[in-house]
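Novice: please find the sequence and the predicted model below.
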Amino acid sequence: MKQRTPPSPVALHHRLQRVWSSPGGWRSVMAVNHNIVGRRFIMTALAFFFIGGVLAMMIRAQLATPQAAFLDDALYSQVFTMHGTLMMFLFAIPLIEGFAIYLLPKMIGARDLAYPRLGAFGYWCYLLGGLILLGALAMGVAPDGGWFLYTPLSNKVHTPGVNADVWLLGITFVEISAIAAAVEIVVTILTMRAPGMSLSRMPLFAWYMLVTAGMMLIGFPPLILGSLILELERAAGWPFFDAARGGDPLLWQHLFWLFGHPEVYIIFLPAAGIVSTLIPTFARRPIVGHDWIVASIVAMGFVSFGLWVHHMFTVGIPHLALVFFSAASMLVALPTAVQFFAWIATLWHGRPKFELPMLWLLGFLVVFVLGGLTGVMLALVPFNWQAHDTHFVVAHLHYVLVGGFVFPFMAGIYYWYPHMFGRHTFPRLGAWAFWLVFGGFNLTFFVMHLTGLLGMPRRIGTYSAGLGWEWLNLVSSIGGFVMSIGFFLLLIDLLLSAYLGRRAVPNPWHAPTLEWAMPTPPAFYNIASQPRVKSREPLWRDDGLPAQIAAGRGLLGQADVHEQQTLASDPATGEPTHVIRLPRPSVLPLACGVAVGSVFMSLLLGLYWLAPVGAAVSLVLFWRWAWSIGLRHDPSPIDAGEGLMLPVHDVAPRAPGRAGLMWTLVADGTFFVSLLFGYAYLGTIAPGWPPPQWLQSGLLLPIAAAAALLATCGLCRAALRANARGDGARRQALLLATVASALAATALLPASVLPGMPPPTQHAYGAIVAFALAYGVVHAALGVVFAAYAWARGRAGFLSAARRVELGNAALWWDFMAVTGLVLLLALHVPAALAR
């Protein structure tokens, strides 16, 4: 066989650019490429950051002098609530998502993310949810109960308008984006690394993002659950948090802080990942203590979920719990210290270059250490009782979040700016911006510690003269405006540099990681071929690697490609396993985002009849989205290079669709466990229990429902086995039986509960039972859709003995449904039977 002449790098580039092209103009809303989606996340998050900064300056203007009338009480409450909401939900988390979406494929040597359309869908959910919140602010009905929305102040009695509903529904809509990004990040990191990039060779930033994404999948569902049941209490009168009817306001705090304290580390860990990436580059040596850092990242992820009561020391919890959570709050300092000492050792043993990004890193080291010290103080229960709900806590919060997040991410923006735009920023202007921000920040918040120690409560919009707070507040306000000037200069620097900055050479920082092995700004396909990675610092090990990649000397470097392809790899070793076909640009992510948004808007406006219509349209669009992917024939293996003939993901055992569903079910399972926690908490802690009426039902219907769940699971598994044998007719028959059994299970679940269920408005028991039943019914109904979709795909020729993704996903869903359904039936019926 005649050997094919390799194409020139220019010819290969043009061919790949045609295949990976993304539409321009108004059609750019169809873009799904991670370069575009990542930039959109970053720029939108920065826009929300500057809006949040304006709100912060309004707060400081109001607090600069006693009895100020710049903002009235109602407007002040909206402004400080929206400031916290924008910074936490619309700036910090989305900026992390943007950096991860843009950088991770490049760092691990991939051409795109695992689910490009899912990333685009997440962006539209984020943007539309953020616009709901900003629209409410413009109309004067923004949330006004604090970014934590504590009950009972946020119930319908104390907050009768739509303000709280805007927060609950808007934030839940935005959190869809976070869950989508987390699934995409985990699957991409674990299954799409370059050949030879084992876990031990993976960039530290990828390690940080892997743990962060896992924390998002576990940390966000409790808040989603809390938001949904609080909205139900407000809209339908179900008393989850009403102590007079068996609820407990503290349940909201538990659900919120089960999310809220891990979120501090969800925010910190990616920032620390940037620090661990930049410091070796500017120290000009590998990071010290690599394995210790990885261990500390994983440890921090685990420990962070044992700290949520840290925020509830003053609510009257048992002393033994206070001791445990106080100790855990101090324990988390250990993995943090490991990373700090590794960074300091790397700088000490290296030859540091003090470029502009290093200024922000040094600022981070100073500010975050100060925030950590006050954190240890607040972990001590006696001091916490004194400083709780004072400006001391506000100062600590900002030292941790601004010092531990904003400073490293600003360093990252300056570091990767040449990568995104192909130009350098203006060093002198950037330095001025840093010093104004650093000085203004410390002037604002260091003084605020003293204000808090003098007893000034947080969340108040005015105060009387003569309390000793006047000059401290004035100094804080002056510092805030100095910091704002610094951020304004930073914005000017970033905007001007995109057009007027000096053009950057390839890899201007002489960095060791793969994202700098490509032209800047990067092409849509990132790299012309995927290199074999042999060390943690591939560009330091082989400085000729970028030229080899561009010449197509890695894997998938062929010129006759007609579709977007990237390698999939073994999660542990990084060795190639198959080739992933990636979808082209589509309007479906935007359409699905709008359809899902219509459900939330219908609920917000009280048009409850319209919400099912929006849900049905969403279901149709998602069906169309899934239907547009797949093959009606078994594809031939692809010559990936180096003598490797790899199967296409449609016929591979580890298809991306299955991995995505599995990690989505991790989040879903966390939601279910949080629901069980709420059920158990109300039954054991809340006042007003036992309820006046328990669930009244016999054994027959619950047993029938359990049998239907098990039968559906078994039938789906039988269809999967028939498909593996190549028996298409039996597979289709079994899938029809699965659909029928799934319909029976969906009907039997409510039939086993509703006849004897107490009214959900009467007592929290009835409310939590009704919500748990709704969870089971919705999931069973979705199981019907999964089974029907697998049957339809089989009928249309998309299934074969090798092509089984849709069928495998249906089986996986019903495995999950069988387990959760049985647990649900036991949780609902056993306590009621024992009580009777």
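Specialist: Everything's here; your move. Residues are numbered from 1 along each chain as shown.
Novice: give me every residue that touches the closest residue to residue 808 other than its chain neighbours.
Specialist: Nearest residue to residue 808 in three dimensions, chain neighbours excluded: residue 658, at 5.5 Å (Cβ to Cβ, 6 or more residues apart in numbering). No exception for glycine: its C-beta is placed from N, CA and C like everyone else's. The neighbours of residue 658, taking Cβ atoms under 8 Å, 6 or more residues apart in numbering as the test, are 805, 808, 809, 812.
Novice: which element is the third one on?
Specialist: Spelled out, it's residue 809. helix 805-835 (DSSP states H and E).
Novice: can you give me the buried ones in that helix?
Specialist: By 16 or more other Cβ atoms under 10 Å, the buried positions in helix 805-835 come out as 805-814, 816-818, 820-821, 824-825, 827-829, 831-832.
Novice: report the distance from that helix to the chain centre.
Specialist: Centroid separation between helix 805-835 and its chain, computed with Cα atoms, centre = their mean, to the nearest Å, is 26 Å.
Novice: can you check stretch 90-103 too?
Specialist: Worked out by Cα atoms, centre = their mean, stretch 90-103 lies 9 Å from the chain centre.
Novice: could you do stretch 290-299 as well?
Specialist: Using Cα atoms, centre = their mean, the offset of stretch 290-299 from its chain centre is 21 Å.
Novice: give me the contacts around it.
Specialist: Outside stretch 290-299, the residues that reach it (Cβ under 8 Å, 6+ apart) are 204, 207-208, 211, 269, 272, 276, 287, 334-336, 338-339, 342, 536.
Novice: same question for the helix or strand where residue 590 lies, mean pLDDT?
Specialist: Applying DSSP H and E as the criterion places residue 590 in helix 588-604. Across helix 588-604, the average pLDDT comes to 98.
Novice: using PDB, write down the CA coordinates of the helix or strand just after that helix.
Specialist: Next helix or strand after helix 588-604 toward the C-terminus (DSSP H and E): helix 610-627. Provided in PDB are the C-alpha atoms of helix 610-627 (Å, rounded to 0.1, in the frame of the first residue of the first chain):
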ATOM      1  CA  LEU A 610     -48.500  27.900  31.100                       C
ATOM      2  CA  ALA A 611     -45.700  26.100  32.900                       C
ATOM      3  CA  PRO A 612     -46.700  22.600  31.700                       C
ATOM      4  CA  VAL A 613     -46.800  24.000  28.100                       C
ATOM      5  CA  GLY A 614     -43.200  25.200  28.400                       C
ATOM      6  CA  ALA A 615     -42.200  21.900  30.000                       C
ATOM      7  CA  ALA A 616     -43.800  20.000  27.000                       C
ATOM      8  CA  VAL A 617     -42.000  22.200  24.500                       C
ATOM      9  CA  SER A 618     -38.700  21.700  26.300                       C
ATOM     10  CA  LEU A 619     -39.200  17.900  26.200                       C
ATOM     11  CA  VAL A 620     -39.900  18.000  22.400                       C
ATOM     12  CA  LEU A 621     -36.800  20.200  21.800                       C
ATOM     13  CA  PHE A 622     -34.600  18.000  24.000                       C
ATOM     14  CA  TRP A 623     -35.900  14.900  22.100                       C
ATOM     15  CA  ARG A 624     -35.100  16.700  18.800                       C
ATOM     16  CA  TRP A 625     -31.600  17.500  20.200                       C
ATOM     17  CA  ALA A 626     -30.900  13.900  21.100                       C
ATOM     18  CA  TRP A 627     -32.400  12.600  17.800                       C
END
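Novice: and the contacts of the helix holding residue 590?
Specialist: The contact list for helix 588-604 (Cβ under 8 Å, 6+ apart) reads 29-30, 32, 117-118, 120-121, 123-125, 128-129, 132, 162, 165-166, 169-170, 172-173, 176, 231, 235, 608, 610-611, 613-615, 617-618, 621-622, 624-625, 628.
Novice: pull out the buried members of these.
Specialist: 30, 32, 117-118, 120-121, 123-125, 128-129, 132, 162, 165-166, 169-170, 172-173, 176, 231, 235, 611, 614-615, 617-618, 621-622, 625.
Novice: out of those residues, name the ones that lie in helices.
Specialist: Counted as lying in helices by DSSP state H, out of the buried ones among the contacts of helix 588-604, are 117-118, 120-121, 123-125, 128-129, 132, 165-166, 169-170, 172-173, 176, 231, 235, 611, 614-615, 617-618, 621-622, 625.
Novice: for residue 157, grab the count of nearby residues.
Specialist: 10 (other Cβ atoms under 10 Å).
Novice: and it, that's in a strand?
Specialist: No. Counting by DSSP: H, G, I helix; E, B strand; the rest coil, residue 157 is not found in a strand; it is coil.
Novice: secondary structure class for the closest residue to residue 399 other than its chain neighbours?
Specialist: The shortest distance from residue 399 to any non-neighbouring residue, by Cβ to Cβ, 6+ apart, is to residue 371 (3.1 Å). Going by three-state DSSP, the secondary structure assigned to residue 371 is helix.
Novice: count residues in the vicinity of residue 371, would you?
Specialist: 20.
Novice: likewise for residue 512?
Specialist: For residue 512, using other Cβ under 10 Å, the count is 22.
Novice: which stretch of helix or strand covers it?
Specialist: Assigned by DSSP H and E, residue 512 falls outside every helix and strand.
Novice: residue 381 versus that one, what's the distance?
Specialist: Per Cβ to Cβ, to the nearest Å, residue 512 is found 45 Å from residue 381.
Novice: where does the residue most central in space within the chain land on pLDDT?
Specialist: Residue closest to the average C-alpha location in the chain (Cα atoms, centre = their mean): residue 178, at 3.0 Å. On pLDDT, residue 178 comes in at 97.
Novice: so what's the gap between the longest helix seen in the chain and the chain middle?
Specialist: Ranked by residue count under DSSP H, the longest helix found in the chain is helix 249-283. Distance, stretch centre to chain centre, for helix 249-283: 11 Å (Cα atoms, centre = their mean).
Novice: other SSEs contacting it?
Specialist: Contact partners of helix 249-283 among helices and strands, from 3 or more Cβ pairs under 8 Å, 6 or more residues apart in numbering; DSSP states H and E: helix 93-107, helix 204-236, helix 290-303, helix 333-349, helix 356-379, helix 391-401, helix 407-421, helix 656-684.
Novice: so of the ones you listed, which one's packed in deepest?
Specialist: Each of these was assessed for mean neighbour count using mean count of other Cβ atoms under 10 Å. The highest is helix 93-107, with a mean of 27.
Novice: residues contacting residue 572?
Specialist: 198, 199 are the contacts of residue 572 under Cβ under 8 Å, 6+ apart.
Novice: give the buried residues for stretch 509-517.
Specialist: Buried residues in stretch 509-517 (16+ other Cβ under 10 Å): 509, 511, 512, 513, 514, 515, 516, 517.
Novice: same deal with stretch 555-566?
Specialist: Quick answer for stretch 555-566 (16+ other Cβ under 10 Å): 555, 556, 557, 558, 559, 561, 564, 565, 566.
Novice: try stretch 282-292
Specialist: In stretch 282-292, counting by 16+ other Cβ under 10 Å, buried: 282, 283, 285, 287, 288, 289, 290.
Novice: what's the end-to-end length of it?
Specialist: 21 Å (Cα to Cα, to the nearest Å).
Novice: report the distance from that stretch to the chain centre.
Specialist: 28 Å.
Novice: stretch 230-248 too?
Specialist: 28 Å.
Novice: setting aside sequence neighbours, what's the nearest residue to residue 165?
Specialist: With sequence-adjacent residues excluded and distances taken as Cβ to Cβ, 6+ apart, residue 165 is closest to residue 604, at 5.6 Å.
Novice: residues near that neighbour, how many?
Specialist: Count around residue 604 with other Cβ under 10 Å applied: 20.
Novice: one more: residue 160?
Specialist: Residue 160: 10 neighbours (other Cβ under 10 Å).
Novice: if we can go back for a sec, out of the helices and strands packed on helix 249-283, nearest to residue 153?
Specialist: Comparison of the helices and strands packed on helix 249-283 against residue 153 by Cβ to Cβ identifies helix 204-236 as nearest, at 11.5 Å.
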